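A.B. asks: One predicted model, sequence on top.
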Protein chains: 2
Amino acid sequence: MAGTKPRANHTLHERLLGEFRSFIISQRWPPGYQLPFETDLADTHGVSRMTMNKVLTQLTREGFLVRRRKLGTFVARPHAQAAVMEIADIAAEVQALGQVHSFVLHARKLRRPSSGEMTEARIAQDRRQRSVLYLMGVHFADAQPFCREERIINPEAAPAALEQDFSTVAPGQWLLQQIPWSSAEHRIRAVGADRAVARDLGVQPGEACLEVIRRTEISGEWVTLAHQIYPGDRHELLARFGPRARAD
Amino acid sequence: MAGTKPRANHTLHERLLGEFRSFIISQRWPPGYQLPFETDLADTHGVSRMTMNKVLTQLTREGFLVRRRKLGTFVARPHAQAAVMEIADIAAEVQALGQVHSFVLHARKLRRPSSGEMTEARIAQDRRQRSVLYLMGVHFADAQPFCREERIINPEAAPAALEQDFSTVAPGQWLLQQIPWSSAEHRIRAVGADRAVARDLGVQPGEACLEVIRRTEISGEWVTLAHQIYPGDRHELLARFGPRARAD
DNA sequence: AAGTGGTCTAGACCACGAA
DNA sequence: TCGTGGTCTAGACCACTTC
(Lines give C-alpha, C1' and ligand atoms only; values in the text may rest on other atoms or scores of the structure.)
Protein backbone atom coordinates (compact mmCIF):
# COMPACT_ATOMS: atom_id res chain seq x y z
CA MET A 1 0.00 0.00 0.00
CA ALA A 2 2.96 2.28 0.56
CA GLY A 3 6.21 2.92 -1.19
CA THR A 4 5.58 1.74 -4.71
CA LYS A 5 3.50 3.36 -7.38
CA PRO A 6 -0.18 3.77 -6.64
CA ARG A 7 -0.92 2.45 -10.12
CA ALA A 8 -2.42 -0.97 -10.38
CA ASN A 9 0.00 -3.76 -11.21
CA HIS A 10 -0.48 -4.45 -14.82
CA THR A 11 1.41 -7.52 -15.82
CA LEU A 12 0.22 -10.95 -14.89
CA HIS A 13 3.24 -12.03 -12.94
CA GLU A 14 3.39 -8.73 -11.09
CA ARG A 15 -0.15 -9.20 -9.87
CA LEU A 16 0.57 -12.74 -8.81
CA LEU A 17 3.80 -11.68 -7.11
CA GLY A 18 1.95 -9.15 -5.00
CA GLU A 19 -0.84 -11.56 -4.20
CA PHE A 20 1.48 -14.35 -3.08
CA ARG A 21 3.71 -11.99 -1.11
CA SER A 22 0.72 -10.66 0.81
CA PHE A 23 -0.45 -14.18 1.56
CA ILE A 24 2.94 -14.98 3.01
CA ILE A 25 3.36 -11.76 4.97
CA SER A 26 -0.14 -12.00 6.42
CA GLN A 27 0.62 -15.60 7.36
CA ARG A 28 -2.43 -16.83 5.52
CA TRP A 29 0.32 -19.01 4.09
CA PRO A 30 2.39 -19.60 7.25
CA PRO A 31 6.03 -20.70 7.25
CA GLY A 32 6.24 -24.30 6.12
CA TYR A 33 2.97 -24.17 4.17
CA GLN A 34 3.07 -26.24 1.02
CA LEU A 35 1.81 -24.54 -2.10
CA PRO A 36 0.04 -26.43 -4.85
CA PHE A 37 2.28 -27.71 -7.60
CA GLU A 38 3.47 -25.32 -10.24
CA THR A 39 1.28 -26.85 -12.94
CA ASP A 40 -1.81 -26.73 -10.76
CA LEU A 41 -1.16 -23.13 -9.76
CA ALA A 42 -0.80 -22.21 -13.40
CA ASP A 43 -4.11 -23.86 -14.25
CA THR A 44 -5.90 -22.38 -11.24
CA HIS A 45 -4.82 -18.84 -12.07
CA GLY A 46 -5.30 -19.28 -15.78
CA VAL A 47 -1.74 -18.56 -16.84
CA SER A 48 0.89 -20.59 -18.59
CA ARG A 49 3.35 -22.62 -16.62
CA MET A 50 6.19 -20.33 -17.78
CA THR A 51 4.52 -17.34 -16.20
CA MET A 52 3.81 -19.11 -12.94
CA ASN A 53 7.39 -20.36 -12.93
CA LYS A 54 8.61 -16.78 -13.24
CA VAL A 55 6.58 -15.83 -10.17
CA LEU A 56 7.73 -18.75 -8.04
CA THR A 57 11.34 -18.37 -9.12
CA GLN A 58 11.31 -14.68 -8.22
CA LEU A 59 9.74 -15.32 -4.81
CA THR A 60 12.38 -17.97 -4.22
CA ARG A 61 15.12 -15.48 -5.04
CA GLU A 62 13.54 -13.04 -2.63
CA GLY A 63 13.70 -15.66 0.08
CA PHE A 64 9.98 -16.12 0.56
CA LEU A 65 9.79 -19.63 -0.86
CA VAL A 66 11.86 -22.78 -0.81
CA ARG A 67 11.51 -25.24 -3.64
CA ARG A 68 12.62 -28.86 -3.59
CA ARG A 69 12.34 -31.20 -6.50
CA LYS A 70 9.90 -34.01 -6.18
CA LEU A 71 8.64 -32.53 -2.90
CA GLY A 72 7.09 -29.23 -3.88
CA THR A 73 7.14 -25.54 -3.02
CA PHE A 74 7.01 -24.30 0.59
CA VAL A 75 6.90 -20.99 2.40
CA ALA A 76 10.38 -20.40 3.83
CA ARG A 77 11.21 -20.21 7.51
CA PRO A 78 12.49 -16.66 7.63
CA HIS A 79 15.34 -17.11 10.06
CA ALA A 80 17.82 -16.69 7.26
CA GLN A 81 18.58 -13.01 7.43
CA ALA A 82 21.13 -10.64 6.00
CA ALA A 83 24.38 -10.35 7.89
CA VAL A 84 23.66 -7.23 9.88
CA MET A 85 20.07 -8.28 10.31
CA GLU A 86 21.14 -11.24 12.36
CA ILE A 87 22.01 -9.02 15.26
CA ALA A 88 18.27 -8.76 15.69
CA ASP A 89 18.42 -12.11 17.36
CA ILE A 90 20.94 -11.48 20.10
CA ALA A 91 20.29 -14.85 21.67
CA ALA A 92 21.37 -16.63 18.50
CA GLU A 93 24.42 -14.42 18.24
CA VAL A 94 25.56 -15.20 21.77
CA GLN A 95 25.00 -18.90 21.26
CA ALA A 96 27.05 -18.73 18.07
CA LEU A 97 29.92 -17.51 20.25
CA GLY A 98 29.55 -20.64 22.34
CA GLN A 99 28.19 -18.81 25.33
CA VAL A 100 24.94 -19.04 27.26
CA HIS A 101 22.44 -16.26 26.62
CA SER A 102 20.11 -14.87 29.22
CA PHE A 103 17.93 -11.81 29.42
CA VAL A 104 17.04 -9.84 32.51
CA LEU A 105 14.08 -7.50 32.35
CA HIS A 106 14.44 -4.25 34.29
CA ALA A 107 11.24 -2.45 33.33
CA ARG A 108 7.97 -3.14 31.57
CA LYS A 109 5.10 -0.73 31.32
CA LEU A 110 2.38 0.57 29.07
CA ARG A 111 2.71 4.29 28.45
CA ARG A 112 2.32 6.97 25.85
CA PRO A 113 5.17 7.46 23.39
CA SER A 114 7.42 10.45 23.87
CA SER A 115 7.70 12.98 21.08
CA GLY A 116 11.23 11.80 20.37
CA GLU A 117 10.04 8.25 20.01
CA MET A 118 7.25 9.31 17.71
CA THR A 119 9.83 10.92 15.47
CA GLU A 120 12.29 8.03 15.53
CA ALA A 121 9.64 5.38 15.02
CA ARG A 122 7.86 7.63 12.54
CA ILE A 123 4.51 7.11 14.19
CA ALA A 124 1.82 8.66 12.04
CA GLN A 125 0.62 11.94 13.48
CA ASP A 126 -2.99 11.56 12.42
CA ARG A 127 -3.69 8.10 13.77
CA ARG A 128 -3.03 9.06 17.36
CA GLN A 129 -1.24 6.24 19.09
CA ARG A 130 -2.65 5.90 22.56
CA SER A 131 0.03 3.80 24.16
CA VAL A 132 3.08 1.69 23.51
CA LEU A 133 4.66 -1.14 25.44
CA TYR A 134 7.97 -0.02 26.93
CA LEU A 135 10.65 -2.54 27.83
CA MET A 136 14.15 -2.19 29.23
CA GLY A 137 16.53 -5.03 29.96
CA VAL A 138 20.03 -6.42 29.68
CA HIS A 139 21.33 -9.35 27.64
CA PHE A 140 24.05 -11.52 29.17
CA ALA A 141 26.60 -13.80 27.58
CA ASP A 142 27.38 -16.30 30.32
CA ALA A 143 27.62 -13.98 33.34
CA GLN A 144 28.90 -10.95 31.45
CA PRO A 145 26.65 -8.09 30.32
CA PHE A 146 26.44 -8.16 26.55
CA CYS A 147 23.91 -5.56 25.51
CA ARG A 148 21.54 -3.10 27.12
CA GLU A 149 18.25 -2.68 25.36
CA GLU A 150 15.43 -0.15 25.52
CA ARG A 151 12.45 -0.79 23.32
CA ILE A 152 8.92 0.23 22.54
CA ILE A 153 6.48 -2.07 20.80
CA ASN A 154 3.39 -1.15 18.80
CA PRO A 155 0.45 -3.01 20.39
CA GLU A 156 -1.59 -2.62 17.23
CA ALA A 157 1.00 -4.45 15.17
CA ALA A 158 1.73 -7.09 17.81
CA PRO A 159 -1.27 -7.41 20.16
CA ALA A 160 0.05 -10.61 21.68
CA ALA A 161 2.90 -8.61 23.22
CA LEU A 162 0.51 -7.27 25.86
CA GLU A 163 -0.06 -10.81 27.11
CA GLN A 164 3.63 -11.65 27.04
CA ASP A 165 5.75 -11.53 30.17
CA PHE A 166 9.25 -10.68 28.94
CA SER A 167 10.95 -11.59 32.22
CA THR A 168 13.19 -14.17 30.57
CA VAL A 169 12.47 -14.32 26.85
CA ALA A 170 14.09 -11.44 24.96
CA PRO A 171 11.65 -9.24 23.08
CA GLY A 172 13.61 -9.26 19.85
CA GLN A 173 13.59 -13.03 19.70
CA TRP A 174 9.90 -13.17 20.52
CA LEU A 175 8.99 -10.58 17.90
CA LEU A 176 10.96 -12.40 15.24
CA GLN A 177 8.74 -15.42 15.77
CA GLN A 178 5.53 -13.45 15.93
CA ILE A 179 6.18 -11.23 12.97
CA PRO A 180 8.54 -12.73 10.47
CA TRP A 181 9.15 -10.97 7.16
CA SER A 182 9.47 -7.59 8.79
CA SER A 183 12.08 -5.19 7.47
CA ALA A 184 14.39 -3.04 9.54
CA GLU A 185 16.31 0.17 9.39
CA HIS A 186 19.42 0.70 11.48
CA ARG A 187 21.22 3.77 12.68
CA ILE A 188 24.62 3.05 14.13
CA ARG A 189 26.73 5.42 16.17
CA ALA A 190 29.30 5.63 18.92
CA VAL A 191 28.35 7.08 22.29
CA GLY A 192 30.06 7.47 25.62
CA ALA A 193 28.46 5.42 28.38
CA ASP A 194 26.34 7.46 30.76
CA ARG A 195 25.90 6.41 34.38
CA ALA A 196 22.95 4.09 33.84
CA VAL A 197 24.58 2.39 30.87
CA ALA A 198 27.90 2.06 32.68
CA ARG A 199 26.18 0.45 35.64
CA ASP A 200 24.17 -2.00 33.57
CA LEU A 201 27.04 -3.01 31.29
CA GLY A 202 29.78 -2.97 33.90
CA VAL A 203 31.99 -0.46 32.10
CA GLN A 204 33.51 2.87 33.08
CA PRO A 205 31.36 5.97 32.57
CA GLY A 206 32.41 7.69 29.36
CA GLU A 207 33.72 4.49 27.79
CA ALA A 208 33.05 4.17 24.08
CA CYS A 209 29.97 2.10 23.29
CA LEU A 210 28.24 1.12 20.09
CA GLU A 211 24.61 2.16 19.85
CA VAL A 212 22.25 0.56 17.35
CA ILE A 213 18.86 2.15 16.83
CA ARG A 214 16.62 -0.27 14.99
CA ARG A 215 13.22 0.58 13.59
CA THR A 216 11.21 -2.37 12.37
CA GLU A 217 8.20 -2.20 10.12
CA ILE A 218 5.96 -4.47 8.12
CA SER A 219 3.89 -3.30 5.19
CA GLY A 220 4.70 0.27 6.12
CA GLU A 221 3.45 0.05 9.71
CA TRP A 222 5.97 0.44 12.52
CA VAL A 223 6.32 -2.59 14.74
CA THR A 224 9.05 -1.75 17.21
CA LEU A 225 11.81 0.73 17.96
CA ALA A 226 14.85 -0.47 19.86
CA HIS A 227 17.93 1.25 21.28
CA GLN A 228 20.67 -1.28 21.91
CA ILE A 229 24.01 -0.41 23.46
CA TYR A 230 27.04 -2.69 23.35
CA PRO A 231 30.37 -2.25 25.12
CA GLY A 232 32.63 -0.92 22.39
CA ASP A 233 35.57 -3.23 22.78
CA ARG A 234 33.48 -6.36 23.07
CA HIS A 235 31.35 -6.04 20.02
CA GLU A 236 31.56 -5.54 16.28
CA LEU A 237 28.95 -5.31 13.58
CA LEU A 238 29.57 -6.99 10.28
CA ALA A 239 28.07 -5.97 6.97
CA ARG A 240 28.72 -7.10 3.45
CA PHE A 241 27.83 -5.26 0.30
CA GLY A 242 28.21 -5.99 -3.36
CA PRO A 243 27.62 -3.71 -6.30
CA ARG A 244 24.06 -4.85 -5.93
CA ALA A 245 22.34 -7.42 -3.80
CA ARG A 246 23.12 -10.90 -4.98
CA ALA A 247 20.45 -13.54 -4.89
CA ASP A 248 21.89 -17.05 -4.70
CA MET B 1 36.65 -18.12 -11.04
CA ALA B 2 36.36 -18.13 -7.27
CA GLY B 3 33.66 -18.36 -4.67
CA THR B 4 31.02 -20.42 -6.40
CA LYS B 5 31.10 -24.08 -7.18
CA PRO B 6 34.08 -25.24 -9.20
CA ARG B 7 31.67 -27.18 -11.40
CA ALA B 8 31.03 -25.82 -14.84
CA ASN B 9 27.90 -23.76 -15.21
CA HIS B 10 25.41 -26.05 -16.77
CA THR B 11 22.48 -24.07 -17.94
CA LEU B 12 22.62 -21.78 -20.91
CA HIS B 13 21.61 -18.62 -19.14
CA GLU B 14 23.99 -19.31 -16.28
CA ARG B 15 26.89 -19.50 -18.66
CA LEU B 16 25.82 -16.32 -20.37
CA LEU B 17 25.30 -14.58 -17.03
CA GLY B 18 28.84 -15.37 -15.97
CA GLU B 19 30.26 -14.36 -19.30
CA PHE B 20 28.49 -11.01 -19.41
CA ARG B 21 29.27 -10.25 -15.77
CA SER B 22 32.97 -10.85 -16.36
CA PHE B 23 32.90 -8.59 -19.41
CA ILE B 24 31.40 -5.83 -17.30
CA ILE B 25 33.67 -6.31 -14.29
CA SER B 26 36.79 -6.46 -16.44
CA GLN B 27 35.58 -3.29 -18.18
CA ARG B 28 35.82 -4.97 -21.55
CA TRP B 29 32.31 -3.57 -21.56
CA PRO B 30 32.90 -0.25 -19.77
CA PRO B 31 30.15 1.78 -18.08
CA GLY B 32 27.93 3.27 -20.76
CA TYR B 33 28.77 0.63 -23.35
CA GLN B 34 25.81 -0.26 -25.54
CA LEU B 35 25.14 -3.94 -25.99
CA PRO B 36 23.75 -5.36 -29.21
CA PHE B 37 19.98 -5.64 -29.30
CA GLU B 38 18.33 -8.50 -27.52
CA THR B 39 17.35 -10.24 -30.74
CA ASP B 40 20.84 -9.96 -32.17
CA LEU B 41 22.44 -11.24 -28.98
CA ALA B 42 20.10 -14.20 -29.03
CA ASP B 43 21.04 -15.01 -32.61
CA THR B 44 24.76 -14.49 -32.02
CA HIS B 45 24.82 -16.83 -29.05
CA GLY B 46 22.50 -19.33 -30.62
CA VAL B 47 19.75 -19.17 -28.00
CA SER B 48 16.13 -18.16 -28.12
CA ARG B 49 15.12 -14.64 -27.36
CA MET B 50 13.39 -15.79 -24.15
CA THR B 51 16.63 -17.17 -22.77
CA MET B 52 18.61 -14.07 -23.66
CA ASN B 53 15.87 -11.96 -22.11
CA LYS B 54 16.21 -13.92 -18.88
CA VAL B 55 19.92 -13.14 -18.80
CA LEU B 56 19.53 -9.44 -19.54
CA THR B 57 16.63 -9.07 -17.11
CA GLN B 58 18.63 -10.72 -14.34
CA LEU B 59 21.69 -8.54 -14.96
CA THR B 60 19.40 -5.53 -14.87
CA ARG B 61 18.00 -6.62 -11.52
CA GLU B 62 21.56 -7.03 -10.26
CA GLY B 63 22.29 -3.47 -11.29
CA PHE B 64 24.83 -4.23 -14.00
CA LEU B 65 22.68 -3.15 -16.90
CA VAL B 66 20.20 -0.39 -17.69
CA ARG B 67 17.62 -0.99 -20.36
CA ARG B 68 15.58 1.65 -22.15
CA ARG B 69 12.94 0.97 -24.74
CA LYS B 70 13.74 1.98 -28.24
CA LEU B 71 17.26 2.94 -27.20
CA GLY B 72 18.87 -0.30 -26.18
CA THR B 73 20.75 -1.97 -23.36
CA PHE B 74 23.69 -0.29 -21.64
CA VAL B 75 26.22 -1.11 -18.95
CA ALA B 76 25.16 0.82 -15.84
CA ARG B 77 27.15 3.57 -14.18
CA PRO B 78 27.76 1.94 -10.82
CA HIS B 79 27.50 4.96 -8.57
CA ALA B 80 24.19 3.74 -7.23
CA GLN B 81 25.23 1.80 -4.18
CA ALA B 82 23.56 0.27 -1.18
CA ALA B 83 22.91 2.60 1.72
CA VAL B 84 25.88 1.74 3.88
CA MET B 85 28.03 1.36 0.80
CA GLU B 86 27.65 5.02 0.04
CA ILE B 87 29.91 5.93 2.91
CA ALA B 88 32.67 4.65 0.63
CA ASP B 89 32.48 7.96 -1.13
CA ILE B 90 33.00 10.36 1.72
CA ALA B 91 33.24 13.31 -0.63
CA ALA B 92 29.75 12.67 -1.95
CA GLU B 93 28.45 12.24 1.58
CA VAL B 94 29.87 15.56 2.72
CA GLN B 95 28.51 17.33 -0.32
CA ALA B 96 25.10 15.81 0.35
CA LEU B 97 25.22 17.60 3.70
CA GLY B 98 25.73 20.85 1.85
CA GLN B 99 29.32 21.26 2.97
CA VAL B 100 32.59 21.48 1.12
CA HIS B 101 34.75 18.39 1.17
CA SER B 102 38.53 18.42 1.22
CA PHE B 103 41.15 15.82 1.88
CA VAL B 104 44.55 16.33 3.45
CA LEU B 105 47.17 13.66 3.01
CA HIS B 106 49.46 13.07 5.98
CA ALA B 107 51.47 10.08 4.82
CA ARG B 108 52.10 8.09 1.67
CA LYS B 109 54.61 5.31 1.32
CA LEU B 110 55.25 1.94 -0.22
CA ARG B 111 55.98 -0.68 2.39
CA ARG B 112 55.41 -4.31 3.29
CA PRO B 113 52.11 -5.20 4.91
CA SER B 114 52.11 -5.91 8.62
CA SER B 115 50.93 -9.28 9.83
CA GLY B 116 47.79 -7.69 11.22
CA GLU B 117 47.02 -6.15 7.87
CA MET B 118 47.60 -9.46 6.12
CA THR B 119 45.01 -11.01 8.39
CA GLU B 120 42.46 -8.23 8.09
CA ALA B 121 42.80 -7.91 4.33
CA ARG B 122 43.05 -11.70 4.02
CA ILE B 123 46.11 -11.49 1.83
CA ALA B 124 46.91 -14.93 0.49
CA GLN B 125 49.86 -16.49 2.33
CA ASP B 126 51.27 -18.31 -0.64
CA ARG B 127 51.37 -15.49 -3.14
CA ARG B 128 53.75 -13.38 -1.09
CA GLN B 129 52.77 -9.76 -1.36
CA ARG B 130 55.90 -7.73 -1.69
CA SER B 131 54.55 -4.32 -0.87
CA VAL B 132 51.41 -2.27 -0.43
CA LEU B 133 50.71 1.42 -0.80
CA TYR B 134 50.04 2.96 2.59
CA LEU B 135 48.04 6.19 2.92
CA MET B 136 46.91 8.24 5.89
CA GLY B 137 44.86 11.40 5.74
CA VAL B 138 41.96 13.39 7.09
CA HIS B 139 38.69 14.33 5.42
CA PHE B 140 37.21 17.74 6.18
CA ALA B 141 33.65 19.03 5.92
CA ASP B 142 34.14 22.77 5.47
CA ALA B 143 36.90 23.45 7.98
CA GLN B 144 35.89 20.74 10.44
CA PRO B 145 37.59 17.34 10.60
CA PHE B 146 35.13 14.74 9.41
CA CYS B 147 36.96 11.45 9.22
CA ARG B 148 40.48 10.12 9.72
CA GLU B 149 41.50 7.44 7.32
CA GLU B 150 44.32 4.90 7.19
CA ARG B 151 44.44 2.67 4.16
CA ILE B 152 46.54 0.17 2.27
CA ILE B 153 46.05 -0.47 -1.43
CA ASN B 154 46.97 -3.57 -3.40
CA PRO B 155 49.24 -2.42 -6.26
CA GLU B 156 48.51 -5.59 -8.20
CA ALA B 157 44.79 -4.86 -8.24
CA ALA B 158 45.18 -1.13 -8.87
CA PRO B 159 48.55 -0.47 -10.51
CA ALA B 160 47.60 3.09 -11.41
CA ALA B 161 47.59 3.93 -7.71
CA LEU B 162 51.39 3.99 -7.72
CA GLU B 163 51.32 6.87 -10.22
CA GLN B 164 48.62 8.73 -8.32
CA ASP B 165 49.46 11.57 -6.00
CA PHE B 166 46.73 11.53 -3.36
CA SER B 167 47.55 14.95 -1.96
CA THR B 168 44.07 16.30 -2.65
CA VAL B 169 41.92 13.60 -4.20
CA ALA B 170 40.66 11.12 -1.61
CA PRO B 171 41.74 7.54 -2.23
CA GLY B 172 38.26 6.07 -1.78
CA GLN B 173 36.82 8.34 -4.41
CA TRP B 174 39.65 7.60 -6.80
CA LEU B 175 39.38 3.85 -6.32
CA LEU B 176 35.64 3.93 -6.93
CA GLN B 177 36.31 5.34 -10.37
CA GLN B 178 39.16 3.00 -11.15
CA ILE B 179 37.51 -0.17 -9.96
CA PRO B 180 33.75 -0.01 -10.04
CA TRP B 181 31.76 -3.18 -9.28
CA SER B 182 33.92 -4.05 -6.33
CA SER B 183 32.25 -5.47 -3.25
CA ALA B 184 33.00 -4.56 0.34
CA GLU B 185 32.85 -5.97 3.81
CA HIS B 186 32.51 -3.71 6.83
CA ARG B 187 33.33 -4.15 10.46
CA ILE B 188 31.91 -1.45 12.65
CA ARG B 189 32.85 -0.77 16.25
CA ALA B 190 33.18 1.92 18.84
CA VAL B 191 36.59 2.98 20.08
CA GLY B 192 37.91 5.65 22.38
CA ALA B 193 40.06 8.23 20.61
CA ASP B 194 43.78 7.80 21.20
CA ARG B 195 46.13 10.78 21.11
CA ALA B 196 46.79 10.74 17.39
CA VAL B 197 43.12 10.39 16.54
CA ALA B 198 42.12 13.05 19.05
CA ARG B 199 44.63 15.46 17.55
CA ASP B 200 43.59 14.83 13.96
CA LEU B 201 39.87 14.95 14.61
CA GLY B 202 39.91 17.73 17.18
CA VAL B 203 38.21 15.76 19.93
CA GLN B 204 39.12 14.92 23.50
CA PRO B 205 41.27 11.82 24.05
CA GLY B 206 39.05 8.93 25.09
CA GLU B 207 36.00 10.36 23.39
CA ALA B 208 33.76 7.78 21.75
CA CYS B 209 34.39 7.40 18.02
CA LEU B 210 32.96 5.19 15.34
CA GLU B 211 35.47 3.03 13.52
CA VAL B 212 34.67 1.42 10.17
CA ILE B 213 37.04 -1.19 8.82
CA ARG B 214 36.32 -1.76 5.17
CA ARG B 215 37.83 -4.52 3.09
CA THR B 216 37.18 -4.25 -0.62
CA GLU B 217 37.60 -7.02 -3.14
CA ILE B 218 36.85 -7.81 -6.73
CA SER B 219 36.57 -11.31 -8.10
CA GLY B 220 38.00 -12.62 -4.84
CA GLU B 221 41.16 -10.49 -4.91
CA TRP B 222 41.63 -7.88 -2.22
CA VAL B 223 41.81 -4.31 -3.47
CA THR B 224 42.08 -2.14 -0.40
CA LEU B 225 41.75 -2.17 3.38
CA ALA B 226 40.68 1.02 5.11
CA HIS B 227 40.34 2.06 8.73
CA GLN B 228 38.11 5.10 9.03
CA ILE B 229 37.38 6.85 12.29
CA TYR B 230 34.55 9.34 12.75
CA PRO B 231 33.81 11.52 15.77
CA GLY B 232 31.03 9.63 17.50
CA ASP B 233 28.60 12.45 18.02
CA ARG B 234 28.95 13.84 14.52
CA HIS B 235 28.31 10.78 12.47
CA GLU B 236 25.80 7.98 12.02
CA LEU B 237 25.68 5.04 9.71
CA LEU B 238 22.42 4.06 8.13
CA ALA B 239 21.49 0.60 6.95
CA ARG B 240 18.25 -0.89 5.73
CA PHE B 241 17.37 -4.53 5.56
CA GLY B 242 14.35 -6.41 4.34
CA PRO B 243 13.56 -10.08 4.68
CA ARG B 244 15.63 -10.39 1.56
CA ALA B 245 17.28 -7.94 -0.76
CA ARG B 246 14.77 -6.31 -3.06
CA ALA B 247 15.68 -5.65 -6.63
CA ASP B 248 13.63 -2.87 -8.18
C1' DA C 1 5.46 5.57 -37.47
C1' DA C 2 8.94 2.40 -36.34
C1' DG C 3 11.73 -0.14 -33.47
C1' DT C 4 12.98 -1.67 -29.09
C1' DG C 5 12.25 -4.03 -24.76
C1' DG C 6 8.36 -6.45 -22.05
C1' DT C 7 5.42 -10.08 -21.68
C1' DC C 8 3.00 -14.31 -22.51
C1' DT C 9 2.06 -19.01 -24.41
C1' DA C 10 1.89 -24.16 -25.39
C1' DG C 11 4.62 -27.63 -25.60
C1' DA C 12 8.83 -30.15 -24.93
C1' DC C 13 12.77 -32.37 -22.80
C1' DC C 14 15.92 -32.79 -18.95
C1' DA C 15 17.80 -33.59 -14.14
C1' DC C 16 17.47 -34.24 -9.68
C1' DG C 17 16.01 -36.87 -5.71
C1' DA C 18 12.71 -39.39 -2.86
C1' DA C 19 10.68 -43.86 -2.69
C1' DT D 1 11.21 -45.52 -11.04
C1' DC D 2 8.69 -41.52 -11.60
C1' DG D 3 6.99 -37.01 -10.23
C1' DT D 4 8.47 -32.48 -9.58
C1' DG D 5 10.92 -28.41 -10.56
C1' DG D 6 14.37 -26.43 -14.11
C1' DT D 7 15.12 -25.08 -18.52
C1' DC D 8 14.52 -23.94 -23.32
C1' DT D 9 12.08 -22.75 -27.71
C1' DA D 10 9.61 -20.37 -31.65
C1' DG D 11 6.42 -17.40 -32.27
C1' DA D 12 3.25 -13.84 -31.06
C1' DC D 13 1.34 -9.53 -29.45
C1' DC D 14 1.79 -5.38 -26.65
C1' DA D 15 3.57 -0.82 -24.84
C1' DC D 16 6.58 2.57 -24.49
C1' DT D 17 9.77 5.97 -26.44
C1' DT D 18 12.03 8.27 -29.60
C1' DC D 19 11.89 10.01 -34.25
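C.D. replies: Yep, it's here.
A.B. asks: can you pull out the strands in chain A?
C.D. replies: Here chain A has its strands, by DSSP state E, at A:34-35, A:65-68, A:72-75, A:101-111, A:132-141, A:144-153, A:183-192, A:208-218, A:221-231, A:237-241.
A.B. asks: Tabulate those strands (TSV), appending mean pLDDT.
C.D. replies: TSV is the format used below for the strands of chain A (pLDDT from 0 to 100):
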stretch	mean pLDDT
strand A:34-35	94
strand A:65-68	92
strand A:72-75	93
strand A:101-111	96
strand A:132-141	96
strand A:144-153	96
strand A:183-192	90
strand A:208-218	93
strand A:221-231	94
strand A:237-241	75
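A.B. asks: Including mean neighbour count and distance to A:Ser167, could the ones you listed go into JSON lines?
C.D. replies: Bear in mind the C-beta positions are built from the backbone N, C-alpha and C, glycine included. Below are these laid out as JSON lines (neighbours: other CB atoms under 10 Å in any protein chain shown; distance: least, CB to CB, whole Å):
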{"stretch": "strand A:34-35", "mean neighbour count": "15", "distance to A:Ser167": "37"}
{"stretch": "strand A:65-68", "mean neighbour count": "15", "distance to A:Ser167": "35"}
{"stretch": "strand A:72-75", "mean neighbour count": "17", "distance to A:Ser167": "32"}
{"stretch": "strand A:101-111", "mean neighbour count": "14", "distance to A:Ser167": "5"}
{"stretch": "strand A:132-141", "mean neighbour count": "20", "distance to A:Ser167": "9"}
{"stretch": "strand A:144-153", "mean neighbour count": "22", "distance to A:Ser167": "14"}
{"stretch": "strand A:183-192", "mean neighbour count": "21", "distance to A:Ser167": "25"}
{"stretch": "strand A:208-218", "mean neighbour count": "23", "distance to A:Ser167": "22"}
{"stretch": "strand A:221-231", "mean neighbour count": "22", "distance to A:Ser167": "18"}
{"stretch": "strand A:237-241", "mean neighbour count": "20", "distance to A:Ser167": "28"}
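A.B. asks: In TSV: the ones you listed, plus distance to B:Gln125.
C.D. replies: As requested, these are exported to TSV (distance: least, CB to CB, whole Å):
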stretch	distance to B:Gln125
strand A:34-35	48
strand A:65-68	38
strand A:72-75	43
strand A:101-111	35
strand A:132-141	32
strand A:144-153	34
strand A:183-192	33
strand A:208-218	32
strand A:221-231	32
strand A:237-241	23
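A.B. asks: Including distance to chain B, could the ones you listed go into CSV?
C.D. replies: Conversion of the strands of chain A to CSV gives the following (distance: least, CB to the nearest CB, whole Å):
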stretch, distance to chain B
strand A:34-35, 18
strand A:65-68, 11
strand A:72-75, 12
strand A:101-111, 21
strand A:132-141, 17
strand A:144-153, 13
strand A:183-192, 3
strand A:208-218, 4
strand A:221-231, 8
strand A:237-241, 4
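A.B. asks: Any idea which of those strands gets closest to B:Leu65?
C.D. replies: Closest approach to B:Leu65 among these is made by strand A:237-241 (19.2 Å; CB to CB).
A.B. asks: List the pairing partners of that closest one within its sheet, with orientation.
C.D. replies: According to DSSP bridges, strand A:237-241 forms sheet pairs with strand B:183-192 (antiparallel).
A.B. asks: Would you mind listing what in chain A touches DNA strand C?
C.D. replies: Within chain A, the positions adjacent to DNA strand C are A:11-14, A:46-51, A:54, A:68-71 by CB under 7 Å from any atom of the strand.
A.B. asks: Break chain A down into its structural domains.
C.D. replies: Domain ranges of chain A: A:12-75, A:84-234, per automatic domain parsing.
A.B. asks: Of the ones you listed, which is nearest B:Ala196?
C.D. replies: Across those, B:Ala196 has its closest neighbour in domain A:84-234 (15.8 Å, CB to CB).
A.B. asks: what residue lies at the spatial centre of chain A?
C.D. replies: The residue lying closest to the centre of chain A (CA atoms, centre = their mean) is A:Ser182, at 4.5 Å.
A.B. asks: Nearest spatial neighbour of that residue, chain-adjacent residues omitted?
C.D. replies: Excluding the flanking residues, the one nearest A:Ser182 by CB to CB, 6 or more residues apart in numbering or on different chains is A:Ile218, at 4.4 Å.
A.B. asks: Verify the stated contact: that neighbour with A:Trp181.
C.D. replies: Yes - assessed by CB atoms under 8 Å, A:Ile218 is found in contact with A:Trp181 at 6.6 Å.
A.B. asks: For the two, list the residues in contact with both.
C.D. replies: Shared contacts of A:Ile218 and A:Trp181 (CB atoms under 8 Å, 6 or more residues apart in numbering or on different chains): A:Ile25.
A.B. asks: so which two of the residues of chain A next to DNA strand C are the farthest from each other?
C.D. replies: For those, the farthest-apart pair by CB to CB is A:Thr11 and A:Lys70; their separation is 30.4 Å.
A.B. asks: Looking at those two now, which is surrounded by more residues?
C.D. replies: For A:Thr11 versus A:Lys70, neighbours defined as other CB atoms under 10 Å in any protein chain shown are more numerous around A:Thr11 (10 against 4).
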